[in-house]
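Engineer: compute the structure for the input listed below.
(one chain, ligands or ions: 1)
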Amino acid sequence: MAQATITRRYRFCAAHRLHTDQLSAEDNRVTFGKCNNPNGHGHNYVVFVSVRGDIHPVSHQVVDVPQLDAVVAQIVVQRFDHQDLNLDPEFSTQTTTGENLVLLIWDLLVDKLPAGRLVKVGVIETRDNYFEYSGSTENSRREEGVRHG
Ligand code: NI
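Structural biologist: Numbers count the residues shown, from 1 in each chain. Have a look, this model is predicted:
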């Protein structure tokens, strides 16, 4: 059966500050520049969720779009929209970089969708910053035990 991939776009607005306790105050400023400003700042984040699957013989779609939208809204958008990412429990020991955010969104979604369906998550943070994660078996937060360890 033919397979295809659909990518849906979602949006949320959130505040954050790039900072890590692993660096001194001065090194934080050097590493993160104005993103280390103690007052924080916000982004209009755009999240792309790509789901792959067989093209259904009746609907001719690979996914129930309203169902996917409901999952992403509940798991991702409601969690982060108009929040301070630095206060999210998952970021208590992680810096709120786009890299860590895209991995977290992947981890939040992958178990909520049928196995093998999620193929990529993308996050636009700024005009010039786009992050993506495809669930490679190396370097996942889960395997490092960050979330569950
Ligand atoms: Ni930022």
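Engineer: keeping just the C-alphas, turn the helix or strand containing Leu101 into CSV.
Structural biologist: In the assignment (DSSP states H and E), Leu101 maps to helix 98-110. C-alpha atoms of helix 98-110 as CSV (Å, rounded to 0.1, in the frame of the first residue of the first chain):
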residue,chain,number,x,y,z
GLY,A,98,15.5,25.2,20.1
GLU,A,99,17.4,21.9,20.0
ASN,A,100,16.1,20.8,23.4
LEU,A,101,12.6,22.0,22.6
VAL,A,102,12.3,20.1,19.4
LEU,A,103,13.6,16.9,21.2
LEU,A,104,11.1,17.5,24.0
ILE,A,105,8.2,17.9,21.6
TRP,A,106,9.2,14.7,19.8
ASP,A,107,9.3,12.8,23.1
LEU,A,108,5.9,14.2,24.1
LEU,A,109,4.3,13.2,20.9
VAL,A,110,5.9,9.9,19.9
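Engineer: so, low pLDDT: which residues of this protein?
Structural biologist: For the chain, the stretches with pLDDT under 70 are 137-149.
Engineer: could you redo the last one with a cut-off of 80?
Structural biologist: 136-149 (pLDDT under 80).
Engineer: any idea which element the residue nearest to Ala73 when sequence neighbours are not counted lies in?
Structural biologist: The spatially closest residue to Ala73, leaving aside those adjacent along the chain, is Tyr10, at 7.4 Å (C-beta to C-beta, 6 or more residues apart in numbering). (Each C-beta comes from the backbone N, C-alpha and C, glycine too.) Taking DSSP H and E as the criterion, Tyr10 maps to strand 3-16.
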